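**Q** next comes the sequence, and after it the predicted model I'd like to discuss.
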Amino acid sequence: MRFIVYIFIIFAFINYAYAANEPNAAVQKISLAVDHAPPYSQINQNGEVSGAIVDIFREMKKQLPFKLELVGCPFSRCVRMLEQGEVNAMGGLILTPMRQQVMQFVTPPYMVLTSSFVFYAREDSQLQINNYDDLYGKKLRLCEVPYILNVLMKTMN
């Protein structure tokens, strides 16, 4: 039941966002930006997209009259395309004041994310990371280096 409520909320959001640009138009096609963020969304080597967010939209498509266009793109390009109106929706974004100025977010959110920073260690490791200070002296592999490095530098200073 909860899943159906989330689907309804997402569709209502998309319909509202589309109607804001075209007041007298019905939603005929939804372009969904999909970045590689497993398990929520992912792009395989062949460019095919999948994941929980894609599954939600595919389920909506079964019951509602719209065409679904899945647009695989790197995260920053997906966000830019959403901001510029090249796609209608993107899932899994963390709500920030800056994004709130240019995007509409589903309320209540269908998933609550407060940070996309995750630290992994080998299963047999004794390493424990509870705060940024615990990273001092450790070797890290960073994804999206400029953004993450900027955040880490600000929080560690």
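**A** Here it is on my side, so go on. Numbers count the residues shown, from 1 in each chain.

**Q** CA only for contacts and neighbour counts going forward, please
**A** OK.

**Q** list the buried residues in the host helix or strand of residue 79.
**A** Residue 79 belongs to helix 75-83 when elements are defined using DSSP states H and E. Across helix 75-83, burial judged by 16 or more other Cα atoms under 10 Å covers 75, 78-79, 81-83.

**Q** tell me the first helix or strand C-terminal of whichever strand or helix holds residue 33.
**A** Per DSSP H and E, residue 33 falls inside strand 29-34. Per DSSP H and E, the first helix or strand lying C-terminal to strand 29-34 is strand 42-43.

**Q** pairing partners for that following strand, with directions?
**A** Within its sheet, and counting by DSSP bridges, strand 42-43 is paired with strand 49-50 (antiparallel).

**Q** following the strand it pairs with, which helix or strand shows up next?
**A** Assigned by DSSP H and E, the successor of strand 49-50 is helix 52-63.

**Q** what about the helices in the chain?
**A** With helices called from DSSP state H, the chain shows them at 2-21, 52-63, 75-83, 97-102, 145-156.

**Q** pull the fourth one out as CSV, backbone CA atoms only.
**A** To tie it back to what came earlier, the one meant is helix 97-102. In CSV, the C-alpha atoms belonging to helix 97-102 read as follows (Å, rounded to 0.1, in the frame of the first residue of the first chain):
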residue,chain,number,x,y,z
PRO,A,97,18.4,24.9,-0.4
MET,A,98,20.1,25.6,-3.8
ARG,A,99,18.3,22.7,-5.5
GLN,A,100,15.0,23.8,-3.9
GLN,A,101,15.3,27.1,-5.8
VAL,A,102,15.2,25.4,-9.2
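
**Q** which parts of that helix are buried?
**A** Result for helix 97-102 [16+ other Cα under 10 Å]: no buried residues.

**Q** how about residues contacting it?
**A** residue 83 (Cα atoms under 8 Å, 6 or more residues apart in numbering).

**Q** mean confidence score for it?
**A** Throughout helix 97-102, pLDDT has a mean value of 87.

**Q** state the phi and psi torsions of residue 35.
**A** phi -100, psi 180 (degrees, to the nearest 10).

**Q** correct me, but it touches residue 79?
**A** No. Using Cα atoms under 8 Å, residue 35 makes no contact with residue 79, being 9.3 Å away.

**Q** one step back: pLDDT of the helix holding residue 79, averaged?
**A** The model assigns helix 75-83 a mean pLDDT of 92.
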